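# the following block contains a protein sequence and its predicted model.
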Amino acid sequence: MQLDKLAEIIQQTDETSFEQVSPRRGILKSFGLKVAAITLPFMAGSALNKAYGQTTDNLIDTLNYALMLKYMQHELYRIALDAKEPLIPEDAMDAFKKILADKQGHVDILKFLINDLGGTVNDAPSFDFSGGQGKTVGPFAKVFNNYLSFLEMAQMMEDSIVRAYIHVAGSLTSRDTLIYHIFKIRSMDSRHAAHIRAIRVPYGVKPWITKNETGIDNPAVIPFYANEQNTVQKGINMVGVNGYPLDAAAVTEAFDEPIDRPAATDLFGMFVVS
Amino acid sequence: MKETMQKNPATEAEVAKGVSRRRFLTYAGMMAGAGILIDSCKKEDEPSTLPGTINLGTSDIAIQNYAYILEQMSAAFYIEVCTAKNSPLEYQEMLFFQNLRDHEIAHREFLKNYMGKNAIEQLTFNFSSIDFTNRDKIYGSAQTFEDLCVAAYNGVAQSVTNPEFLIVVGQIASVESRHAAAISDKIKFGSFADTADSNGLDKSLTPNEVLASIKTFLKVNVTINV
């Protein structure tokens, strides 16, 4: 038996059965046996790299991190929709109710996945969307003052959490069902982001991110778009690639840049009450 | 068997071992690579060198080529939208589709360079079933293609083994989801998230489902074991 195939079988039998949510078909799905961990020789570039450094505890921790970002999104929209003096115009209410409903679904799925791994779901922290950690008034003080300020925060949040999720996927590769769900969550978030940006088109943005342009007149936003000006992907210079007339705007739009966990924790820390 | 079908006995022996006549794929350290088998076509009037089937095989390279086909198709579609005669699109609409086109070309060329010698050839596509002089058909087709690509990425991601490549897939897929939402919003503003299920999850399709869906636009048969 090929070593990479054996590794697949081990990964399959090592995990809790996700029969009702696992999309994988084939003979391995119903294998069922619990197999004790077997040490296999390390092979560069092989399927075994999928599992390297991803213990169940790591996975639970990563999912709780992803959940924290979700709690933050959910709370932003909940506050905006619950505002006593209407913050969101009538004709935009359906869209934001839909976004909130989707986020609730995402919270539910992440909780399910954490529980299924035998982990404990972290509770939501308190949030301060002014960016002052609950201690002071932060650089986004006007966030709920008016619709336009709320839209700016929503755009920034959606774009950067999409980017954080792009990186999260790389930390979950040892579990098919986790990748499956993270991708489907992030996919919907990317749609949310595109819609909010579509609303903000009059302010000079497109549904996709152009270079590291924010379209927001607040310098506190700039770090949230760091690296989006990147024109080199995996060592390939994308401007004019293979002779095609693609400029920096086009190639930066074509790729959303990941934000790793340390950077995300740094960026979003201002919104968590400590 | 049609008389015009040609078989090369030497090729068949190679095919039996999973080694393509045209490409030999290897991984450093892996025991078996994914081979591309190209069978001769049986059609009477077509030259026997026309490829009939591309088997992408298994593993990450198969997925890379699968994505490459989808991006090739998307780019070809938008190129046709942007160059079709008697287009109903206004100037701003054309700019929008040119933007989409450029993103798909970027994705396509990135994958081509990323794969190097492992990339399959550039395919041509048959969009004759689409009326590019009709605005509704243009937007409707664009939405279908984008939703399909989004579902394709969502459906294949868990099969990727290399975390670095998975991140790149996410980088590209995220923009496809933005495309899909933007086009939906052009058709009906507010419909950006209509593909969500009751848990807010976007759609996914298996590679076989996707390849079956796009069969009509391909001029070759494509199979994959992922």
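Nice, thanks for sending it over.

# same question for the helix or strand harbouring B:Asp60, mean pLDDT?
Assessed by DSSP states H and E, B:Asp60 sits inside helix B:59-83. Throughout helix B:59-83, pLDDT has a mean value of 98.

# just list what that helix packs against, helices and strands only.
Contacts defined by 3 or more Cβ pairs under 8 Å, 6 or more residues apart in numbering or on different chains; DSSP states H and E place helix B:59-83 against helix B:91-115, helix B:135-156, helix B:163-187. (C-beta placed from N, C-alpha, C; glycine too.)

# what sits against A:Asp189?
Contacts for A:Asp189 (Cβ atoms under 8 Å, 6 or more residues apart in numbering or on different chains) come out as A:Gln73, A:His106, A:Glu158, A:Ile161, A:Val162, A:Tyr165.

# so it: helix, strand or coil?
Secondary structure state of A:Asp189, per DSSP: H, G, I helix; E, B strand; the rest coil, is helix.

# next, A:Phe127: phi, psi?
Note on A:Phe127: backbone dihedrals following degrees, to the nearest 10 are phi -120, psi 150.

# just to check, A:Gln104 is in contact with B:Gly200?
Yes: counting by Cβ atoms under 8 Å, B:Gly200 is a contact partner of A:Gln104 at 7.1 Å.

# could you check which of those two is surrounded by more residues?
Applying other Cβ atoms under 10 Å in any protein chain shown to A:Gln104 and B:Gly200 shows that B:Gly200 carries more neighbours, namely 24 against 16.

# was I right to think the more buried one contacts A:Met188?
Yes: if you go by Cβ under 8 Å, B:Gly200 and A:Met188 touch, sitting 5.5 Å apart.

# who touches both of the two?
Residues touching both B:Gly200 and A:Met188 by Cβ under 8 Å, 6+ apart: A:Asp102, A:His106.

# quick check, central residue of chain A?
Centroid check for chain A by Cα atoms, centre = their mean gives A:Tyr165 as the closest residue, at 2.4 Å.

# next one: that one from B:Ser128, what distance?
Relative to B:Ser128, A:Tyr165 is positioned 39 Å away (Cβ to Cβ, to the nearest Å).

# who's in contact with residue 76?
All of this refers to chain A. Residues in contact with A:Leu76 (Cβ under 8 Å, 6+ apart) are A:Phe127, A:Phe129, A:Met153, A:Ala154, A:Met157.

# my question was about chain B
With contact taken as Cβ under 8 Å, 6+ apart, B:Ala76 is in contact with B:Thr124, B:Phe125, B:Phe127.

# ok, and the most crowded of those?
Of all the contacts of B:Ala76, the highest neighbour tally under other Cβ under 10 Å goes to B:Phe125, namely 19 neighbours.

# distance check, that one against B:Lys219.
Distance of B:Phe125 to B:Lys219, given as Cβ to Cβ: 7 Å.

# now A:Met270
For A:Met270, the distance to B:Lys219 (Cβ to Cβ) stands at 54 Å.

# what's the answer for B:Ser128, then?
Going from B:Ser128 to B:Lys219 by Cβ to Cβ gives 11 Å.

# these two - which one has more neighbours?
B:Lys219 (11 against 8).

# hmm, B:Asn126 and that one touching each other?
Yes: using Cβ under 8 Å, B:Lys219 is in contact with B:Asn126, at 5.9 Å.

# any residues in contact with both of those two?
Contacts common to B:Lys219 and B:Asn126, judged by Cβ under 8 Å, 6+ apart, are absent.

# now the residue nearest the centre of chain B, nearest residue through space, not along the chain?
Geometric centre of chain B, nearest residue: B:Leu70, 1.8 Å, by Cα atoms, centre = their mean. Leaving aside its sequence neighbours, B:Leu70 sits nearest to B:Cys149 (Cβ to Cβ, 6 or more residues apart in numbering or on different chains; 5.2 Å).
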